[in-house]
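>>> Next one to model:
(one chain, ligands or ions: 1)
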Amino acid sequence: MSEAYVGLESVKWNNGQVDLLDQRLLPEEVVYLPLTTQKDVWEAIRHLKVRGAPAIGIAAAYGVVIASQQAATTEEWLDAVQQSAQYLATSRPTAVNLFWALDRMKAAADQFIAQGFSLADCKKALEQEAIAIQQQDEQTNRAIGEYALSLFKEDMGVLTHCNAGGLATAKYGTALAPFYIAKERGINLRVYADETRPVLQGARLTAFELQQAGVDVTLICDNMAGMVMSKGWVDAVIVGTDRVAANGDVANKIGTYSVAVLAKAHGIPFYVACPLSTIDLNTPTGAEIPIEERPDEEITEGFGKRTAPKGVKVYNPAFDVTPNEYVTGIITEKGIVTAPYEENLRKLFEQ
Ligand SMILES: CSC[C@H]1O[C@H](OP(=O)(O)O)[C@H](O)[C@@H]1O
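Alright, predicted model coming up:
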């Protein structure tokens with residue numbers, strides 16, 4: 001069967017600029033915005049025009065290319081790379097792929113200079129580095145999908161939270177990748193997608209992606225996950241993540257922790273799907289993961305109208321941390337990691 005993934009490309013490199021799918025407008029409108037400055041990229045990440053850990057890293061990598069392509073000397077070029085990486089790193093704090101991609105771009109630039117590249121060759125090579133980050137993410141996600149699919153069987157019900165699909169990555173996604181591969185192989189899975197308040201990535205993006213691919217998807221409100229599990233409709237949970245700490249604690253979209261606790265209460269396996277670029281061995285535990293807090297209006301005016309009294313106090317953390325004891329396995333492009341996570345995650349990087 002042909003590829004099941006028919007989704008839209010979230011980040012397109014177009015001859016020195018990024019054509020970016022504005023995910024705030026989905027599923028009603030498909031609009032690509034031209035990003036021609038590092039500021040355009042910063043704002044696109046900050047305001048969730050592009051979102052999802054790998055997609056954020058890819059966009060930021062191209063932002064460094066854009067910011068440095070006008071340099072007149074190699075010294076100016078290297079300075080522009082370093083300055084833009086520092087600037088773009090301030091766009092959002094939680095997804096480690098942002099920092100992973102920026103660090104990779106800076107290291108590549110240092111290497112090109114050390115190898116004596118001409119200015120033109122430096123610029124070309126850095127562009128190729130950003131393109132490689134995007135292309136490698138696509139291959140990585142396919143591998144994650146294969147490992148994840150090995151955990152699922154015909155007619156299983158699988159619940160997911162937020163959007164860890166093609167729109168959050170270069171293609172296929174992480175948590176959603178197995179659903180596309182299952183579809184290609186004629187394996188029927190029933191997906192339950194949490195709408196994922198307040199920004200509704202599940203309703204607007206996951207349901208949209210999976211429906212487009214002909215995957216059996218049922219949209220539920222976040223507060224319905226427990227009931228759906230109690231009915232025996234869910235055989236497994238799979239989610240993406242923005243940062244896995246060295247001990248296996250998982251930062252992901254707000255509401256993930258609640259889903260993990262419910263899954264444990266119902267004896268349902270809880271899987272986290274991510275590339276190695278989302279595993280941060282430099283962050284010891286989930287307690288050290290910075291949790292982004294976002295504007296009140298995402299909650300009080302998220303549906304285009306005021307849904308709360310003016311001036312009411314609001315708390316709007318965009319992520320929560322699921323302690324490793326709730327995580328059945330972490331599915332990566334190198335295989336499925338289980339506890340003890342501290343030891344087994346480190347081994348992953350030694351392979
Ligand atoms: C494959 S990473 C997807 C990850 O990113 C989402 O957060 P946001 O939409 O705020 O960027 C969410 O945590 C997803 O699990």
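>>> OK, contacts around the residue of the stretch 101-250 of the chain found nearest the ligand?
Distances from the stretch 101-250 of the chain to the ligand, computed as C-beta to the nearest ligand atom, single out residue 240 as the nearest residue at 3.4 Å. From N, CA and C alone the C-beta is placed, and that goes for glycine too. Residue 240 makes contact with 52-53, 162-164, 168, 173-175, 252-253, 272-274, according to C-beta atoms under 8 Å, 6 or more residues apart in numbering.
>>> give me that answer again for 6 Å
Residues near residue 240 by C-beta atoms under 6 Å, 6 or more residues apart in numbering: 164, 174-175, 273.
>>> List just the nearest of the residues you listed to residue 104.
Set against residue 104, the nearest of the contacts of residue 240 by C-beta to C-beta is residue 174 (18.5 Å).
>>> Need the phi and psi values for the residue of the stretch 101-250 of the chain closest to the ligand.
Comment: the main-chain dihedrals of residue 240 come out as phi -90, psi -170, following degrees, to the nearest 10.
>>> Quick check: it vs residue 127, distance?
Counting by C-beta to C-beta, to the nearest Å, the gap between residue 240 and residue 127 amounts to 28 Å.
>>> With residue 319 instead?
32 Å.
>>> ok, those two, which is more surrounded?
residue 319 (25 against 20; other C-beta atoms under 10 Å).
>>> In the sheet, which residues pair with that one? Tell me.
residue 253 (DSSP bridges).
>>> Near the closest residue to the ligand within the stretch 251-351 of the chain, how many other residues are there?
Nearest to the ligand in the stretch 251-351 of the chain, going by C-beta to the nearest ligand atom, is residue 253, at a distance of 3.4 Å. A count of neighbours around residue 253, defined by other C-beta under 10 Å, yields 27.
>>> My guess is it contacts residue 163. True?
No: using C-beta atoms under 6 Å, residue 253 and residue 163 do not qualify as a contacting pair, with a distance of 8.4 Å.
>>> May I have the host helix or strand of residue 60 as CSV, with CA atoms only?
Applying DSSP states H and E as the criterion places residue 60 in helix 53-68. The C-alpha trace of helix 53-68 is given here as CSV (Å, rounded to 0.1, in the frame of the first residue of the first chain):
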residue,chain,number,x,y,z
ALA,A,53,9.6,19.6,19.8
PRO,A,54,11.3,18.3,16.5
ALA,A,55,9.5,20.9,14.3
ILE,A,56,10.6,23.7,16.7
GLY,A,57,14.2,22.4,16.3
ILE,A,58,14.0,22.3,12.6
ALA,A,59,12.5,25.8,12.3
ALA,A,60,15.2,27.2,14.6
ALA,A,61,18.0,25.5,12.6
TYR,A,62,16.7,27.3,9.5
GLY,A,63,16.5,30.5,11.5
VAL,A,64,20.2,30.3,12.1
VAL,A,65,20.8,29.8,8.4
ILE,A,66,18.6,32.8,7.6
ALA,A,67,20.3,35.0,10.2
SER,A,68,23.8,34.2,8.9
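>>> For residue 331, grab phi and psi.
Torsion angles at residue 331 (phi, psi; degrees, to the nearest 10) stand at phi -100, psi 120.
>>> I'd like the distance between it and residue 172.
For residue 331, the distance to residue 172 (C-beta to C-beta) stands at 13 Å.
>>> Equivalent analysis for residue 179, please.
When distances are taken as C-beta to C-beta, residue 179 and residue 172 turn out to be 9 Å apart.
>>> show me what contacts residue 338?
Contacts here follow C-beta under 6 Å, 6+ apart; on that basis residue 338 touches residue 329.
>>> mind running it again at 10 Å?
Contacts were defined as C-beta atoms under 10 Å, 6 or more residues apart in numbering; by that measure residue 338 touches 248, 327-330, 344.
>>> List the buried residues for stretch 273-282?
By neighbour count, with 16 or more other C-beta atoms under 10 Å as the criterion, the buried positions of stretch 273-282 are 273-280.
>>> Thanks again, I'm all set now.
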